[in-house]
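Asks: Need the 3D shape of this:
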Amino acid sequence: MKILLVYPPNPDSFWSFAHVLPLVSRRSAFPPLGLLTVAAMLPATWELRLVDCNVTPLADADLQWADHVFLSGMIVHRDGAHAIARRCAERGVSVVAGGPLFTTGHAEFPEIPCFVLGEAEGVIDALVRDLERGELRPQYRADDWPDVRTTPVPRWDLVELSHYVTMPVQFSRGCPYDCEFCDIVVMNGRTPRTKSPQQVLAEIETLVARGWKDMIFLVDDNFIGNRKHARELLRAIVAWREGKPGSLPGFLTEASVNLADDAELLELMVQAGFKKVFVGLETPLPESLAECGKTQNRKRDLASAVATLQHAGLEVMGGFIVGFDNDPPEIFGLQYEFIQRSGVATAMVGLLTALPQTALHRRLAREGRLLGASAGNNTGAVLNFVPRLDRELLIEGYRALMRRLYEPASYYRRIRNFLARYRPRGPQPRLAGADIAAFLRSLWLLGVRERGAWRYWALLLDTALRRPRALREAIELAILGYHFRTVARSI
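Replies: Below is the predicted model of the structure:
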C-alpha cells in the first residue's frame, strides 16, 4: 500500500510566522505532528511519503504514485484542503481525511469519501483492515477517548527537520476547563490523558538523535491539566538533562494562568529548560471572563500572575479576545493598556469567533445570531455572528488595536516592560549559526529599512548594557515583531 500524507499550506496568520521565516532560514514554523503520528501507526510494510505544502509543493507525480491520500489540517486550512481534495478527485485518488478541520466540519467536504473523526488510535486497526480489503467506510470514529499511552513515536524520518523552526511533541490531550468559545473539550475531552514520562523522553531523544537542538513545543491543550503527571514528567526531563553533555533543546508550552499559583511546578519547568508559555488571558474585564466561563482567570490579578511567570524565568505569550457580549466600546483601550503594562510582547488578540460544536456556537444558534462558519483565523477581522457591540465599531476597533500594539513605539516599549521583570534562568538554548545569520539580517531589516529603526538599536544597546543575559530574547522578540506588524497592517 502506498500512502501519501498531505498537509495544506498555511494562510498568512499570526502563528504562520511567514514574514520572518526567510530571516531564520526556515520554510515553516512546525511540521504536521498529527500526520507524523498517524504514519507511525500504519503497517511497517506500507510505503509512506509526506508532503507538507508549506515546505514542498504537491506535485502531480506524488498523486500518481499514491494508492490513497491521507489529508489533515486545522479549520484555518479549509480552502487549501478543498483545493487538494479537488485535485485528488480529478485524478481518481481516494482521500481519507482527519484532524480538527474534518472532525467538526466534514459535512463541508462532499468531495471527500472517507473521514476519521476524532483521534485515530481507537480506529486505526479498522481503517487499515478496510484499506487492505478495498472496503472503506464513509466514517470512522472511536467510541471513547483513546489511551495516549499507546501512541507511538512519530515518524520523524518522513520530514527534513532543518526546514522547521520548532519541533512539536505531545504529552497530554484534554483540558479540565470548559471555556465557552473553546473547542478543546469537543476534540479531546475534559479529563487530561497523559503519556508516560518514558514515552515523552523517547520522543525527545528521537529528535535529539536526528540532530535537533532547538526549541521543542509541548503542544498540550493545557500542560498543567494534570499537575501530578506534569510534575513527574518535569522531574524526568530534569534528570535526563543532567545525564546529557552538550547543548540540548529548550521547551515552550501552553498552560492555564493558575500555573502562577504553583511555585514548585514553575521551578521544575525552569529547571527542565522551559522558556516560554502561552496563556489564555482573554480580557481584563471580569464581566467578560464570567460570560465565557473562564473560571481559572476570575477573582485574580491577571497582571500580577503574568509578572510571577516572568520573574520565574518564563516569557508569557498571551491570547486575548475582543467581541464578548459584555465588552464596552472602550474595550480596545482597556486591552491595549493591560497588554502594555503586563509586558506580554507576543499578544495574539483575536475577534471572538464561534467555532463549530462549541458551547458558544450552540448559544448563538439558539439566539439566532450565527452568520456562518468560522474561518479558523481569529486575526482575520471576520465575524461569524451578530455582536452586541456595533459591528463596524468592533471590526475597526480591533484593526486599530492590532496596529497600535505592533507599531514600533508600542512594541519595543512592551519588550522593555517584559525584560524589566524577566529573570532568565535554567539551561540556555544553544546559539546556532542560523541564529547569528538571523541577527545579522535583522540589522538591515529592522535597524535600517523599517520606520522607527532607531528603536531597534536602542533596545539592543539598553539590553546589552543592563540585561546582557536577556539579549537573545530581545533580538528574537524584535524579529518576531516584524511578522506581527506585517500581519496587523494587513488586517
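
Asks: What pLDDT is listed against Ala432?
Replies: As predicted, Ala432 sits at a pLDDT of 76.

Asks: right, and it touches Met215 too?
Replies: No - taking Cβ atoms under 8 Å as the definition, Ala432 is not a contact partner of Met215, at 11.2 Å. Yep, even glycine has a C-beta here, placed from its N, CA and C like the rest.

Asks: Compare the two and say which is more crowded by neighbours.
Replies: When Ala432 and Met215 are compared for neighbours, Met215 comes out ahead with 16 against 13, by other Cβ atoms under 10 Å.

Asks: burial of Val448, as a residue count?
Replies: Val448 has 10 neighbours, counted by other Cβ under 10 Å.

Asks: Ala59 too?
Replies: Neighbours of Ala59 (other Cβ under 10 Å): 10.

Asks: Low-confidence stretches in the stretch 251-400 of the chain?
Replies: Low-confidence segments of the stretch 251-400 of the chain (pLDDT under 70): 378.

Asks: run the last query once more with 90
Replies: Judged by pLDDT under 90, the stretch 251-400 of the chain has its weakly predicted residues at 372-382.

Asks: ok, now the stretch 101-250 of the chain?
Replies: 143, 243-248.

Asks: would you list every one of the helices in it?
Replies: Taking DSSP state H, counting those that start in this stretch as the test, the helices found in the stretch 101-250 of the chain are 124-133, 184-188, 197-209, 227-242.

Asks: Can you list the strands that the helix or strand just after the longest one pairs with?
Replies: Looking back up the chat, that one is helix 227-242. Sequence-wise, the next helix or strand downstream of helix 227-242 (DSSP states H and E) is strand 251-254. The pairing partners recorded for strand 251-254 under DSSP bridges are strand 216-218 (parallel), strand 274-282 (parallel).

Asks: how about those in JSON lines, adding distance to Val306 and mean neighbour count?
Replies: Putting these into JSON lines (distance: least, Cβ to Cβ, whole Å; neighbours: other Cβ atoms under 10 Å) gives the following:
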{"stretch": "strand 216-218", "distance to Val306": "20", "mean neighbour count": "22"}
{"stretch": "strand 274-282", "distance to Val306": "7", "mean neighbour count": "23"}
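
Asks: so which of these gets nearest Gly92?
Replies: Nearest to Gly92 among the strands paired with strand 251-254 is strand 216-218 (37.5 Å), distances taken as Cβ to Cβ.

Asks: Not counting its own residues, what contacts that closest one?
Replies: With contacts defined as Cβ atoms under 8 Å, 6 or more residues apart in numbering, strand 216-218 is touched by 30, 166-171, 204, 207, 249-254.

Asks: 10 Å instead, please
Replies: For strand 216-218, contacts defined as Cβ atoms under 10 Å, 6 or more residues apart in numbering pick out 29-30, 33, 165-172, 200, 203-204, 207-208, 230, 233, 237, 248-255, 269, 273-274, 276-278.

Asks: Strands along this protein, start to end?
Replies: Ranges of strands in the chain, per DSSP state E, are 2-7, 47-52, 68-72, 94-98, 114-117, 139-141, 167-169, 172-173, 193-194, 216-218, 251-254, 274-282, 315-322, 347-351.

Asks: Please render these as CSV that adds distance to Arg341 to the earlier fields.
Replies: CSV is the format used below for these (distance: least, Cβ to Cβ, whole Å):
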stretch, distance to Arg341
strand 2-7, 39
strand 47-52, 39
strand 68-72, 40
strand 94-98, 43
strand 114-117, 43
strand 139-141, 46
strand 167-169, 32
strand 172-173, 32
strand 193-194, 35
strand 216-218, 27
strand 251-254, 23
strand 274-282, 12
strand 315-322, 12
strand 347-351, 12
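
Asks: State the pLDDT value of the residue nearest to Asn10 when sequence neighbours are not counted.
Replies: Leaving aside its sequence neighbours, Asn10 sits nearest to Ser16 (Cβ to Cβ, 6 or more residues apart in numbering; 4.5 Å). On pLDDT, Ser16 comes in at 93.

Asks: Would you confirm that Ser16 contacts Pro9?
Replies: Yes - using Cβ atoms under 10 Å, Ser16 is in contact with Pro9, at 9.4 Å.

Asks: what do those two both touch?
Replies: Ser28, Asn54.

Asks: What is the neighbour count of Trp457?
Replies: Trp457, neighbours per other Cβ under 10 Å, totals 13.

Asks: Spatially nearest residue to it (excluding sequence neighbours)?
Replies: Using Cβ to Cβ, 6+ apart, the closest residue to Trp457 is Gly447 (5.7 Å).

Asks: quick one on the thing from earlier: go through the helices of the stretch 101-250 of the chain and pick out the most buried.
Replies: Each of these was scored by mean neighbour count; the highest is helix 184-188, a mean of 20, by mean count of other Cβ atoms under 10 Å.

Asks: Report all helices and strands that it contacts.
Replies: Judged by 3 or more Cβ pairs under 10 Å, 6 or more residues apart in numbering; DSSP states H and E, the packing partners of helix 184-188 are helix 100-105, strand 172-173, helix 359-366.

Asks: how far does stretch 160-179 sit from the chain's center?
Replies: Relative to the chain's own centre, stretch 160-179 is displaced by 7 Å; criterion: Cα atoms, centre = their mean, to the nearest Å.

Asks: likewise stretch 297-311?
Replies: In terms of Cα atoms, centre = their mean, the centre of stretch 297-311 is found 22 Å from the chain centre.

Asks: now swap in stretch 146-153 and tell me
Replies: 21 Å.

Asks: can you pull the contacts of Val169?
Replies: Per Cβ under 10 Å, 6+ apart, neighbours of Val169: 33, 153-154, 195, 199-201, 203-204, 206-207, 216-220, 249, 251, 253.

Asks: Kindly recompute the last result at 8 Å.
Replies: When contacts are counted by Cβ under 8 Å, 6+ apart, Val169 touches Leu33, Val200, Glu203, Ile204, Leu207, Ile216, Phe217, Leu218, Val219.

Asks: so who does Phe439 touch?
Replies: By Cβ under 8 Å, 6+ apart, the neighbours of Phe439 are Ile475.

Asks: Next one: it from Arg413, what distance?
Replies: Remark: distance between Phe439 and Arg413 (Cβ to Cβ, to the nearest Å) = 21 Å.

Asks: With Cys175 instead?
Replies: Relative to Arg413, Cys175 is positioned 33 Å away (Cβ to Cβ).

Asks: ok, these two, which is more surrounded?
Replies: Cys175 (25 against 15).

Asks: Contacts only, for the more buried one.
Replies: Cys182, Ile184, Val185, Asn188, Arg190, Pro192, Asp221, Asn222, Gly225, Ser256.
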